[in-house]
Each structure stands twice: as structure tokens, then as C-alpha cells.
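**Student:** Based on what follows, work out the 3D shape:
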Amino acid sequence: MAGGLLGWSRAALLQLLLGVNLMVMPAIQARTLRFVTLLYRHGDRTPVKTFPKDPYQEDEWPQGFGQLTKEGMLQHWELGQALRQRYRGFLNTSYHPQEVYVRSTDFDRTLMSAEANLAGLFPPNGMQVFNPNISWQPIPVHTVPIAEDRGRIDPLIHFS
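**Tutor:** Sure thing, here's the model as predicted:
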């Protein structure tokens, strides 16, 4: 359990530092920025495992062990919105596949974190709206099977 708390503390600290960094640093001017690589960890998740006598075993968690929670989804959606503001003027206002490449490890929680982040980063507008009742658009998230993933990275985004 201590490892879980320590992991949570690191994730919370990383999120806090990134949030402060986004607020304190001045906006980057489009004429000097050429390329951006973002590397981030998945959002809040359910426990990966628990101790044998814990009353909250896997069946107590609606998503199961190791899955992204609603809080984790919201964290990444908000991070995507913050990145949209941070890179305003560098990123287009709409998604263009030749400008953005997203890669994730092949775990549900990391893929869902990347998708939630992209939903906040690139809300559909104009011709990208395919259903007026859905404020989301599909954006590719690339991955490789776990057995072939030598880098084991959480979501990674490149802007160019």
C-alpha cells in the first residue's frame, strides 16, 4: 500500500509542478518555437492490486484494477485545455494529422489518458464536427504491443 501512496504522491507532485509551470512561464512566441515533445504520465487510476484481506478487492472497482478513473479522465482533459492555451499561436485551432503524432503504451489507462488529453487539446470545430451532440473527435493514438514496446513510455505527443 505504501508503494501505491508513494506513486500517487509522485503523480500528484508531477501534476502540480506541470500546472505551476504552465501558469508561471511566459507564453512561448510562435516565431521561436519549432517543435514540442510532451511526455506525461497517465491520470488517476484504480489500484493495480491490493492485499488479500482488503475488503475492496477488484470487483469493488467498477473499472477493475489498474484502470483510469473519472478523475484521471478529467485531469487529462483539463491538461489538454491548458496545453491548448500554452501553445496558442503555435498549434492550429483544429487538429491536423501532419502536425501532431501521439504515442502511448498499450495499456487501457495510458491510451485513455492520451485520448482524454486530446479531447481537451483539440475540441472539434467547423468541418471536424461529425455529430453536434458530441464535443469530441477521434484522433489517432499510436502504440505497439506490450511485448514489443522497448521504451515503455506513457503518452507522448509531438507537435511540429
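**Student:** element containing the residue nearest to residue 80 when sequence neighbours are not counted, please.
**Tutor:** The shortest distance from residue 80 to any residue other than its chain neighbours is 2.6 Å, reached at residue 120 (Cβ to Cβ, 6 or more residues apart in numbering). C-beta coordinates here come from the backbone N, C-alpha and C atoms, glycine included. When elements are defined using DSSP states H and E, residue 120 is found to belong to helix 108-121.
**Student:** Next, the contact list for the residue nearest to residue 57 when sequence neighbours are not counted, please.
**Tutor:** The shortest distance from residue 57 to any residue that is not its chain neighbour, by Cβ to Cβ, 6+ apart, is 6.4 Å, and that residue is residue 50. Residue 50 is in contact with 1, 56, 57, 58, 65, counting by Cβ atoms under 8 Å, 6 or more residues apart in numbering.
**Student:** what number of residues lie near the second one?
**Tutor:** Think residue 56. Neighbour count for residue 56, taken as other Cβ atoms under 10 Å: 10.
**Student:** Kindly indicate whether it is helix, strand or coil.
**Tutor:** For residue 56, the secondary structure call by DSSP: H, G, I helix; E, B strand; the rest coil comes out as coil.
**Student:** how close does the residue lying farthest from the centre of the chain get to residue 47?
**Tutor:** Ranking residues of the chain by C-alpha distance from their mean position (Cα atoms, centre = their mean) puts residue 53 at the top, at 32.9 Å. In this view, residue 53 and residue 47 are 14 Å apart by Cβ to Cβ, to the nearest Å.
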